[in-house]
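**Q** Quick one, structure for this:
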Amino acid sequence: MSLGGQLTGWGAAVCLSLTLFIAGCSGSKSPDYGTFSGSVYTVKRGDTLYRISRMTNTSVATLARMNGISAPYTLQVGQKVRVKGSGSAKSTATARATPAKSRASSAVAKSAAPPVGQRCWRWPASGKVIMPFSDADGGNKGIDIAGQHGQAIYAAGAGRVVYVGNQLRGYGNLIMIKHGEDYITAYAHNDTTQVNNGQQVKAGQKIATMGNTGADSVRLHFQIRYRATAIDPQRYLPPPGRSPSC
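**A** Numbering: from 1, shown residues only. Take a look at the predicted model:
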């Protein structure tokens, strides 16, 4: 993946953040894939539409539309999913997944989840959580919050913006914020972005508006990563509708 001129000036920070983000999306075990038959993918246990999207280079929105799948994109083992291209079962999927796995094993060490209260987090948007966090292989590595088009999205904590762009397939317009040395938050599917690379932001500062870029419905996909490992945001956020007590 080439980010071209967008890396100028913030190349090192952006490359590191993207590497940690992509590598952290992969589990520690060798991937286990479903099977292709022409342009049809057969779902295996643990598959999600997001995972199939990454494997087949087809957006989640396109997969959902082609197969009549609506949010929260529930799949059944053995279900046939039409995809744009064709593959030779494991060979195509493995070729696409291997670089991220290699980076994960060489650059990122899995770490224990931090204790609750180590940092003070705010809800990035108001709305119903329509897809919870899952640490299963291929699971949702954040939470998806439904909302209205143009609704405000806020920084969950103070930090420095290290990525603004749409080069990561399946995430649409994406913002990543680095909080100290250990944490990164990610905000995906935005309609508009209102911060720039390198900008310092305050907790609760408006950084974007909600949209459906890379998704088939208006939502915010929100992640918290601790030393590159995705952790459950709902475990660390205050109760819905409340301000943090810290």
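**Q** Where do the strands of the protein begin and end?
**A** 35-37, 40-42, 80-82, 129-131, 143-146, 152-154, 159-165, 173-179, 183-193, 200-201, 206-210, 219-226, 229-231 (DSSP state E).
**Q** Generate a markdown table for those strands, with mean neighbour count as supplementary columns.
**A** No exception for glycine: its C-beta is placed from N, CA and C like everyone else's. What follows is the strands of the chain, written out as a markdown table (neighbours: other CB atoms under 10 Å):
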| stretch | mean neighbour count |
| --- | --- |
| strand 35-37 | 16 |
| strand 40-42 | 19 |
| strand 80-82 | 16 |
| strand 129-131 | 17 |
| strand 143-146 | 22 |
| strand 152-154 | 20 |
| strand 159-165 | 21 |
| strand 173-179 | 23 |
| strand 183-193 | 22 |
| strand 200-201 | 16 |
| strand 206-210 | 21 |
| strand 219-226 | 24 |
| strand 229-231 | 21 |
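**Q** in this structure, which segments are predicted with low confidence?
**A** Residue ranges of the chain with pLDDT under 70: 1-38, 71-72, 84-111.
**Q** For the strands of the chain, could you give me TSV that also reports distance to R119?
**A** TSV is the format used below for the strands of the chain (distance: least, CB to CB, whole Å):
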stretch	distance to R119
strand 35-37	42
strand 40-42	39
strand 80-82	38
strand 129-131	20
strand 143-146	17
strand 152-154	16
strand 159-165	10
strand 173-179	7
strand 183-193	7
strand 200-201	15
strand 206-210	18
strand 219-226	9
strand 229-231	11
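**Q** what about the ones you listed, which gets the closest to D137?
**A** strand 229-231 (12.3 Å; CB to CB).
**Q** helices or strands up against that closest one?
**A** strand 219-226 (3 or more CB pairs under 8 Å, 6 or more residues apart in numbering; DSSP states H and E).
**Q** and the angle from the strand it packs on to strand 183-193?
**A** Using axes from the mean of the first three to the mean of the last three CA atoms, to 10 degrees, the direction of strand 219-226 lies 160 degrees away from that of strand 183-193.
**Q** packing partners for strand 219-226?
**A** Secondary-structure packing of strand 219-226 (3+ CB pairs under 8 Å, 6+ apart): helix 11-24, strand 143-146, strand 183-193, strand 229-231, helix 233-236.
**Q** Contacts for stretch 172-179 next, please.
**A** Stretch 172-179 is contacted by residues 13, 17-18, 21, 119, 155-166, 168, 184-193, 195, 201, 207-208, 211-215 when judged by CB atoms under 8 Å, 6 or more residues apart in numbering.
**Q** Now with 7 Å, please.
**A** 17, 21, 119, 155, 157-166, 168, 184-190, 193, 195, 201, 207-208, 211, 213-215 (CB atoms under 7 Å, 6 or more residues apart in numbering).
**Q** Would you pull up how far that stretch lies from the middle of the chain?
**A** Here the centre of stretch 172-179 is set off from its chain's centre by 10 Å, with CA atoms, centre = their mean, to the nearest Å.
**Q** In PDB, list the C-alpha atoms belonging to that stretch.
**A** What follows is stretch 172-179, C-alpha atoms only, in PDB (Å, rounded to 0.1, in the frame of the first residue of the first chain):
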ATOM      1  CA  GLY A 172     -13.600   4.700   4.500                       C
ATOM      2  CA  ASN A 173     -12.400   8.100   5.800                       C
ATOM      3  CA  LEU A 174     -10.300   7.200   8.800                       C
ATOM      4  CA  ILE A 175      -8.700   9.200  11.600                       C
ATOM      5  CA  MET A 176      -6.100   7.800  14.000                       C
ATOM      6  CA  ILE A 177      -4.900   9.600  17.100                       C
ATOM      7  CA  LYS A 178      -1.900   8.600  19.200                       C
ATOM      8  CA  HIS A 179      -2.200   9.000  23.000                       C
END
